[in-house]
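Colleague: Return atomic coordinates for the entry below.
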Amino acid sequence: MTVLSTPEAPESDLVLSLRGIDKNFGAVQALTAIDLDIYSGEVVALVGDNGAGKSTLIKILAGVHPQDGGTISHDGKTVTINNPADSNNLGIATVHQDLALCDNLDVVANLYLGHELGRGTINEVEMEKRSWGLLRQLSARIPSVRIPVASLSGGQRQTVAIARSLIGEPRIVILDEPTAALGVAQTAEVLNLIERLRDRGLAVVLISHNMADVQAVADRIVVLRLGRNNGEFRVADVSYEDIITAITGASDNAVTRRAQARVDSADAAAAAGAPTATALPKEERP
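Modeller: Residues are numbered from 1 along each chain as shown. Got it, this is the predicted structure:
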């Protein structure tokens, strides 16, 4: 496993800590001994190839699947996430890739769906007022909160989904492929929104296959491969090639290991002052 040093963060900023998380579905071991720390005011990117275990880990945090082993600590106390209500009570909000928006409803109705204000009679005026306030905090480019979500662009729909996750004032926001299938301008809009979430002191977990997006907004990168941890990097200290190597497992390739062993052997010989073998030109061979 490739591991680089991670940023020094005060323990007081540690919101959620996962240790040794296991999950299996029958005979299939989806996750094995996964470790993950989530800090306030930080964007941690969770990356990996298809089948790496990203979605399974996120579903454990969202309360969709209980873990089969390991521990989850919240503010230093061991907790159990058995269902989505437990996840919400811990201040974890998850924005899934499908967004789960109702296209026929307007922005206000989508934001407060299931959490409407008022007793007996829905307080539409207060909901609209708070909707505008929340969207302004995020510098969202929404033309009106009274237009159907179906008429919004992909980036605007993503903004509504993220804004809806903030209604319950979470401490952790999980974003599953938020820029998938978005254009350049819409992607930039969503990335700016992620930075504003971090500026508000929230912990953001970003799942993405787009390394350019990850390097643009993430502070730390955690790589999963075949259901295991396979690297943890500070974005400022890692190259694109290092990330891809950890994702694909290129460093585990037998040919790569043999080549690296030859380089290490040559370096050791040079350091010791021993002559190294050099191939002679064809005409000089005996």
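
Colleague: quick one: low-confidence ranges for the chain?
Modeller: Residue ranges of the chain with pLDDT under 70: 1-12, 251-264, 266-267, 273-286.

Colleague: which strands and helices sit next to the helix or strand that contains residue 33?
Modeller: Assigned by DSSP states H and E, residue 33 belongs to strand 28-39. Under the contact definition 3 or more Cβ pairs under 8 Å, 6 or more residues apart in numbering; DSSP states H and E, strand 28-39 sits against strand 14-25, strand 43-47, helix 54-61, strand 203-207, strand 228-234. No exception for glycine: its C-beta is placed from N, CA and C like everyone else's.

Colleague: Out of those, flag the one nearest residue 185.
Modeller: For residue 185, the closest of the helices and strands packed on strand 28-39 is strand 203-207, at 19.3 Å, according to Cβ to Cβ.

Colleague: Kindly tell me how buried residue 141 is, as a neighbour count.
Modeller: By other Cβ atoms under 10 Å, 15 other residues sit near residue 141.

Colleague: coming back round to it: what angle separates the strand holding residue 33 from strand 43-47?
Modeller: Here strand 28-39 runs at 160 degrees with respect to strand 43-47, directions being taken by axes from the mean of the first three to the mean of the last three Cα atoms, to 10 degrees.

Colleague: Partner strands of strand 28-39, with direction?
Modeller: Paired neighbours of strand 28-39 in the sheet (DSSP bridges): strand 14-25 (antiparallel).

Colleague: Residues contacting the strand it pairs with, please?
Modeller: Under the criterion Cβ atoms under 8 Å, 6 or more residues apart in numbering, residues 29-40, 53, 56-57, 60-61, 65, 67-76, 90-92, 171-172, 203 lie in contact with strand 14-25.

Colleague: try stretch 174-182
Modeller: By Cβ under 8 Å, 6+ apart, the surrounding residues in contact with stretch 174-182 are 55, 58, 61-62, 92-97, 154-155, 158, 162, 186-187, 190-191, 194, 204-210, 213.
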